[in-house]
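Q: Please find the sequence and the predicted model below.
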Amino acid sequence: MGADGAGWQGRLELDFVARAGGTQLGRSFVQAPMKVQRPFFPEGDRVCHVVTLHTAGGVVGGDRLSAKIHLAPKAHALCTTATAGKIYRSNGQVAEQATHIHIAAGGYLEWLPQETIVFDGADYRQRLRVDLDEDALWLGWEMTRLGRTARGEGFASGQWRSHTEVWKDGRLLWVDPQQILGGAAPLSSPHGLNHCPVVASFAILGQPVAQLSADLLPQTRQFIPTAASSSPLPFLQYAATRLQSGLLYRYRGHSTLEARRWFIQIWHLLRPALVDRPGYLPRVW
């Protein structure tokens, strides 16, 4: 929380540029509690890896966080977070986070944050808008755990809202609004979450994947979520779908590790086909 007792008004702005066959972080601006670590290049100069973090440790009611990410033509960046996000119980106010991503022609962004843990009683809204230019590509996932289930906590009160939009040249390619109310019937309904505390989505959109999606979807369907432990897992459900301009994978279950492993399998298969590079796990994972 800010020094005056009000919520944090955090900002993050990153501009990636393509120079001499590589990608660099040309400009960065941060306002507490947002921070960005120094870029690193484990794959060589072509792909710029960036890790962001929330120095306050978690999001509380009244926080307003914003991020703007811009990729210049032919830039290739991978963005992740240093740790899992934490959304604490609300103090009566809503916590909000808005992210806007613009990818210029021929650019490619891999948006791979670690999971978000939404505490019981939290009131959180997040919005993500992605704007694609010609031949631009966006790959992103979101993994959310409702309640600290390791402590026996459910999601009995509060709400979580997520709204994602992907646009190309002023035309909406995909919109994904989600809302979960704490204690509501859909949490236990077979037509809702069916007692699953983890929901996750993984989407890949843009002209390059649209051209290859008919071939790639059957290949990725060979993968299924693998157990995070040797114990039999409770009910889980997963799906793979071909979008008009990309691919979409959904998971509902009991393990963020399980969801991440499944997404990584898919990512390792897709990356060589889309950008002619093998998958390379960020070192903070």
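A: Thanks, I have the structure now.
Q: Would you mind measuring from Gln265 to Arg271?
A: Taking Cβ to Cβ, to the nearest Å as the measure, Gln265 falls 11 Å from Arg271. Quick note: C-beta positions are derived from backbone N, CA and C, even for glycine.
Q: what comes up buried for the longest helix seen in the chain?
A: Taking DSSP state H as the criterion, the chain has its longest helix at helix 256-275. For helix 256-275, burial by neighbour count (16 or more other Cβ atoms under 10 Å) applies to 256-260, 262-267, 269-271, 274-275.
Q: Surely Cys271 is in contact with Arg277?
A: One correction, residue 271 is Arg, not Cys. Yes - taking contacts as Cβ atoms under 8 Å, Arg271 lies within contact range of Arg277: 5.8 Å.
Q: Just the element for Phe16, please.
A: Per DSSP states H and E, Phe16 falls inside strand 11-19.
Q: which strands and helices sit next to that strand?
A: strand 22-31, strand 34-36, strand 48-54, strand 64-71, strand 76-81 (3 or more Cβ pairs under 8 Å, 6 or more residues apart in numbering; DSSP states H and E).
Q: strands paired with that strand, and their directions?
A: Strand 11-19 pairs in its sheet with strand 22-31 (antiparallel), strand 64-71 (parallel), by DSSP bridges.
Q: Put together TSV for those, with distance to Ala77, mean neighbour count and mean pLDDT on each row.
A: Formatted as TSV, the strands paired with strand 11-19 follow (distance: least, Cβ to Cβ, whole Å; neighbours: other Cβ atoms under 10 Å; pLDDT from 0 to 100):
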stretch	distance to Ala77	mean neighbour count	mean pLDDT
strand 22-31	6	16	97
strand 64-71	6	20	98
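Q: TSV for those, including distance to Cys48?
A: As requested, these are exported to TSV (distance: least, Cβ to Cβ, whole Å):
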stretch	distance to Cys48
strand 22-31	4
strand 64-71	10
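Q: Out of those, which gets nearest to Gly44?
A: strand 22-31 (7.5 Å; Cβ to Cβ).
Q: And for that closest one, what's in contact with it?
A: Residues outside strand 22-31 that contact it (Cβ atoms under 8 Å, 6 or more residues apart in numbering) are 9-17, 36, 39, 41, 44-48, 50, 72, 75-77.
Q: For the stretch 151-285 of the chain, give me the ranges with low pLDDT.
A: Along the stretch 151-285 of the chain, segments meeting pLDDT under 70 span 227-235.
Q: Which parts of it are strands?
A: 159-168, 171-181, 198-206, 237-243, 246-253 (DSSP state E, counting those that start in this stretch).
Q: Let me know which of those strands is tucked in deepest.
A: Of the strands of the stretch 151-285 of the chain, the one with the most neighbours on average (mean count of other Cβ atoms under 10 Å) is strand 198-206, at a mean of 24.
Q: so what does that strand touch, helix or strand wise?
A: Against strand 198-206 (3+ Cβ pairs under 8 Å, 6+ apart) you get strand 123-132, strand 137-146, strand 159-168, strand 171-181, strand 246-253, helix 256-275.
Q: could you give the angle of that strand to strand 123-132?
A: Strand 198-206 runs at 20 degrees relative to strand 123-132, counting by axes from the mean of the first three to the mean of the last three Cα atoms, to 10 degrees.
Q: Describe which strands strand 198-206 pairs with in its sheet and in which direction.
A: Under the criterion DSSP bridges, strand 198-206 sits next to strand 137-146 (antiparallel), strand 246-253 (antiparallel) in its sheet.
Q: Any chance of a markdown table for those, columns distance to Ala239?
A: What follows is the strands paired with strand 198-206, written out as a markdown table (distance: least, Cβ to Cβ, whole Å):
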| stretch | distance to Ala239 |
| --- | --- |
| strand 137-146 | 14 |
| strand 246-253 | 5 |
